[in-house]
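Trainee: Need a 3D model of the following:
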Amino acid sequence: MTEDTDPVSNDADENDALAEAYNRGLELQKAGKLKAAEAAFREVLSLDPEDSGGASIRLAAIGADESPEKMPDAYVATLFDQHADVFDEILVDELGYCVPLLLRDLITRLQVGPFDRLLDLGCGTGLTGMALADCTGHRTGVDLSERIVELAYDRQVYDDLYVGEAVEFLKEFEEDDGERPSWDLIAATDVFPYLGAVEPFLTAAVARLTPKGYLAFSTETLGEALLKGKPYMVGPKNRFAQAESYIRSALATFGFDILAMDPITVRLEEGEPVPGHLVLARLL
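Mentor: Numbers count the residues shown, from 1 in each chain. Next comes the predicted model:
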């Protein structure tokens, strides 16, 4: 997805003011007038504390604020709801996204699986579910966007689908009978660019994986000249990038054995490849 989206509001006058401030900030940012852009984005935040337009992410991208630990839930939901009807066309055709197929190839190459139960976090319209359909039994999909989940339902690739934020789902989800299910494969393709700090995710994932369970995910990264020793940051394209060393250290801390951490092109931005990693790890 492209991370330019107009914020929304239930009040018409407030929405007009919010959209005006947000679009003004975008224009000023593109013109290189970063101080004025900062003022506009702070105005957006004052009008929309839930930050459905992602002003806090833009403030971090222009260096006006430190990177938050994750993107605002309201922003991610708004972003994907607004792009739902053209989601696959943008992601696959325009951005060249093929991480689910790369993950299926990686599973084949490492000769792991099949898996009884898959949890697909940030499932989108079901691209990962379809790619892993032949090596998984029961499939559960979770996405923050209600509209996206509706489209995934139409694909009929998941046994269960839920609207929810990835970490909160891992922490809180219970079956109707009160049971807290576990999974032998948790996939999170294109989730980490919206998370920033990975520790809350890993804490929750470990609690939901079966013994010797597998975790698969993709990341985006930046060169050291931009990261400057930071574990993660909001990059120029308004998505989180994580340092390879940070991911490796975090996985070791939480008891994972890294089976693969392959450099990949995650997607294209304005025709330029976005570097990242495809990771498959197993609980020790």
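
Trainee: Can you name the residues that contact Phe173?
Mentor: With contacts defined as C-beta atoms under 8 Å, 6 or more residues apart in numbering, Phe173 is in contact with Tyr162, Gly164, Arg180, Pro181. Where you see a C-beta, it was placed from the backbone N, CA and C, and this is true even at glycine.

Trainee: The last one touches Glu175, doesn't it?
Mentor: When you say that, I think you mean Pro181. Yes - using C-beta atoms under 8 Å, Pro181 is in contact with Glu175, at 6.0 Å.

Trainee: and the contacts of Phe173, which are buried?
Mentor: Gly164 (16 or more other C-beta atoms under 10 Å).

Trainee: Adding secondary structure, write the contacts of Phe173 out as TSV.
Mentor: Output for these, formatted as TSV (DSSP: H, G, I helix; E, B strand; the rest coil):
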residue	secondary structure
Tyr162	strand
Gly164	coil
Arg180	coil
Pro181	coil
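
Trainee: from the contacts of Phe173, which single one is nearest Ala21?
Mentor: The nearest member of these to Ala21, counting by C-beta to C-beta, is Gly164 at 30.0 Å.

Trainee: Using the three-state scheme, assign the residue lying closest to the closest one once chain neighbours are set aside.
Mentor: Leaving aside its sequence neighbours, Gly164 sits nearest to Val142 (C-beta to C-beta, 6 or more residues apart in numbering; 5.3 Å). Under three-state DSSP, Val142 falls in the strand class.

Trainee: Quick check: Val142 vs Glu165, distance?
Mentor: 8 Å (C-beta to C-beta, to the nearest Å).

Trainee: surely Phe254 meets Leu202?
Mentor: Yes - assessed by C-beta under 8 Å, Phe254 is found in contact with Leu202 at 4.4 Å.

Trainee: Pick out whichever of those two has more residues nearby.
Mentor: Leu202 (22 against 18; other C-beta atoms under 10 Å).

Trainee: between Val142 and Glu165, which one's more packed in?
Mentor: Val142 (25 against 19).

Trainee: beta partners of that one?
Mentor: Leu121, Tyr162 (DSSP bridges).
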